[in-house]
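Participant: coords please:
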Amino acid sequence: MLEKMFKLKENKTNVKTEIMAGITTFMTMAYILAVNPSILADAGMDATAVLLATAIASFIATVCMGMTANMPFALSAGMGLNAYLAYTVVIGMGYSWQIALLAVFVEGIIFIALSLTNVREAIFNAIPLTLKRGVSVGIGLFIAFIGLQNAGLAVDSSTLVTITNFTDSFSTSGICALLAIVGVLITAALYVKKVKGAILVGIIATWLIGIVCQLTGLYVPTPEAGFYSLIPTSVISADFSKLSETFGQCFTVDFSTVKIVDFIVVVFAFLFVDLFDTLGTLIGVATKANMLDKEGRLPRIKPALLSDAIGTSVGAVLGTSTVTTFVESASGVSAGGKTGLTAIVVAFLFLISTLFAPLFTTIPSFATAPALIIVGFLMFSSVTELNFKEDNYAEVIPAYIAIIAMPLFYSISEGISLGVISYTVLNLCTGNAKKVKPLMYILTVLFILKYIFL
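Facilitator: Numbers count the residues shown, from 1 in each chain. Modelled structure (predicted):
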């Protein structure tokens, strides 16, 4: 049955290899179960509810990927998009998280429609390979920067950002920042030694060291300042009642308090960010997994895009941010995963993880921050695939602009916008207009109009 469903022999793999690849992928991306609740909690959402929603949405979306696209890719709440919801839409724009989730749901429905057509696939194929690689690198820097902030290492200053003062409030923010550095070194060492699940092990190791610091008095829980006890009160729970705090809340929005024009702007913002974040992440995954063809195209991209679109809408209803393909899926591919069976294994591990909600939600941000920084490094490694020779400047300079724009402007979509605009304009100015595909001209005009009217 599995052979017929996933074409194992045709893909030169077997059940054992696919199962091990699935376990490997889950171990490398399970950190999202600790990180996503931490980020969305900043938007006022219940951490346990977010964790349950994230795990269930990941299960549904990843099953779709495995069954429809037969690809070894796993999906969960996307890094960057969760930060966009919490820090830009809710904290920055001042909207409630319910409105933000409704916007995610609406754009997910729109994306389902777009995924059934060739629009998203055409956009993916129109973006040049060099720019795709630049997007992967830029997302890595953006995620790493979020990690530095969550750890309390990068803080506001007269120079816009600087390293924290470790001696100031050492028993709370100081020791947390220091533990984050220790966590990065531990995780990096494990990764260099090729320990399976190095990122997840790094999170747990950093957390355990934090618990030791609390027991010895180096870390002092101060709830009023946002520093809580690191010791979990329970490990396993079959109580899913917390999910009710986010489930369906996107449909409870009181539109009398929201101007329709404002809501359309939020939906458009999510549409824009999700479209290019998803493409960017899928580019990063496919690039790392070596699955792009010679022209930079991804076979069976339509069902893959449909899977993340379905995951986005389902996730919004459950109570989590945009669901997308994870770059860590490449770890499973490197372990031999070649079919959707790998994805199915990951999906069921996500479902099982719902029983461990109390454990995941106790993990502090200084323990998850190293994971973000190391994941950023893994995505940044694609920079070696960029050709910096003079005869390729018209290709690589736009990629460079996209890379630096993402962390410095705190926006993945801005990086893609500026990358696309600069690519089109630069090639026009240097007599290489024929290299630019027609859809790139359309995207360039739309991006320029965005800056004029939004």
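Participant: name the helices or strands packed onto whichever strand or helix holds Ile186?
Facilitator: Using DSSP states H and E, Ile186 maps to helix 175-192. Helix 175-192 sits against helix 198-216, helix 365-380, with contacts defined as 3 or more C-beta pairs under 8 Å, 6 or more residues apart in numbering; DSSP states H and E. C-beta here means a position set from N, CA and C on the backbone, and glycine is covered the same way.
Participant: want to try JSON lines for the ones you listed, with distance to Asn427, mean neighbour count and mean pLDDT as columns?
Facilitator: Formatted as JSON lines, the helices and strands packed on helix 175-192 follow (distance: least, C-beta to C-beta, whole Å; neighbours: other C-beta atoms under 10 Å; pLDDT from 0 to 100):
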{"stretch": "helix 198-216", "distance to Asn427": "38", "mean neighbour count": "19", "mean pLDDT": "90"}
{"stretch": "helix 365-380", "distance to Asn427": "26", "mean neighbour count": "25", "mean pLDDT": "84"}
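Participant: Thr162 is nearest to which of these?
Facilitator: Evaluated over the helices and strands packed on helix 175-192, closeness to Thr162 peaks at helix 365-380, with 16.8 Å, by C-beta to C-beta.
Participant: C-alpha coordinates for the closest one, CSV please?
Facilitator: Only the C-alpha atoms of helix 365-380 are listed here, as CSV (Å, rounded to 0.1, in the frame of the first residue of the first chain):
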residue,chain,number,x,y,z
SER,A,365,12.7,32.6,25.2
PHE,A,366,16.5,32.6,26.0
ALA,A,367,16.5,28.9,25.4
THR,A,368,14.7,29.1,22.1
ALA,A,369,16.7,32.1,20.8
PRO,A,370,19.8,30.0,20.0
ALA,A,371,17.6,27.9,17.8
LEU,A,372,16.6,31.0,15.8
ILE,A,373,20.2,32.1,15.5
ILE,A,374,21.4,28.7,14.3
VAL,A,375,18.5,28.3,11.9
GLY,A,376,19.5,31.7,10.5
PHE,A,377,23.0,30.4,10.0
LEU,A,378,21.7,27.4,8.0
MET,A,379,19.7,29.6,5.7
PHE,A,380,22.5,32.1,5.4
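Participant: tell me which strands and helices it is in contact with?
Facilitator: Counting contacts by 3+ C-beta pairs under 8 Å, 6+ apart, helix 365-380 packs against helix 32-41, helix 129-150, helix 175-192, helix 198-216, helix 260-288.
Participant: how about 6 Å then?
Facilitator: helix 32-41, helix 129-150, helix 175-192, helix 198-216 (3 or more C-beta pairs under 6 Å, 6 or more residues apart in numbering; DSSP states H and E).
Participant: with just CA atoms, put the first one into CSV.
Facilitator: Read that as helix 32-41. Written as CSV, here are the backbone C-alpha positions of helix 32-41 (Å, rounded to 0.1, in the frame of the first residue of the first chain):
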residue,chain,number,x,y,z
ILE,A,32,8.6,25.8,16.6
LEU,A,33,6.4,24.3,19.3
ALA,A,34,8.4,26.4,21.9
VAL,A,35,9.2,29.4,19.8
ASN,A,36,5.8,30.1,18.2
PRO,A,37,3.8,30.3,21.5
SER,A,38,6.5,32.6,22.8
ILE,A,39,6.2,35.0,19.9
LEU,A,40,2.4,35.1,19.6
ALA,A,41,2.1,35.5,23.4
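Participant: who's in contact with that helix?
Facilitator: For helix 32-41, contacts defined as C-beta atoms under 6 Å, 6 or more residues apart in numbering pick out 47, 50-51, 54, 76-77, 82-83, 86, 353, 360-361, 363, 365, 368.
Participant: tell me the mean pLDDT over it?
Facilitator: Per-residue pLDDT over helix 32-41 has a mean of 88.
Participant: between the contacts of helix 32-41, which sits nearest Leu449?
Facilitator: When those are compared against Leu449 (criterion: C-beta to C-beta), the nearest one is Ala83, at 25.5 Å.
Participant: so that closest one sits against Phe145, correct?
Facilitator: No. Between Ala83 and Phe145 there is no contact under C-beta atoms under 6 Å: 9.7 Å.
Participant: so between the two, which is more surrounded?
Facilitator: Ala83 (26 against 20; other C-beta atoms under 10 Å).
Participant: pLDDT score assigned to that one?
Facilitator: 81.
Participant: with Gln149 instead?
Facilitator: 87.
Participant: what about stretch 131-142, distance to the chain center?
Facilitator: The chain centre lies 12 Å from the centre of stretch 131-142; the measure is C-alpha atoms, centre = their mean, to the nearest Å.
Participant: buried ones in it?
Facilitator: Using 16 or more other C-beta atoms under 10 Å as the test for burial, stretch 131-142 gives Leu131, Lys132, Arg133, Gly134, Val135, Ser136, Val137, Gly138, Ile139, Gly140, Leu141, Phe142.
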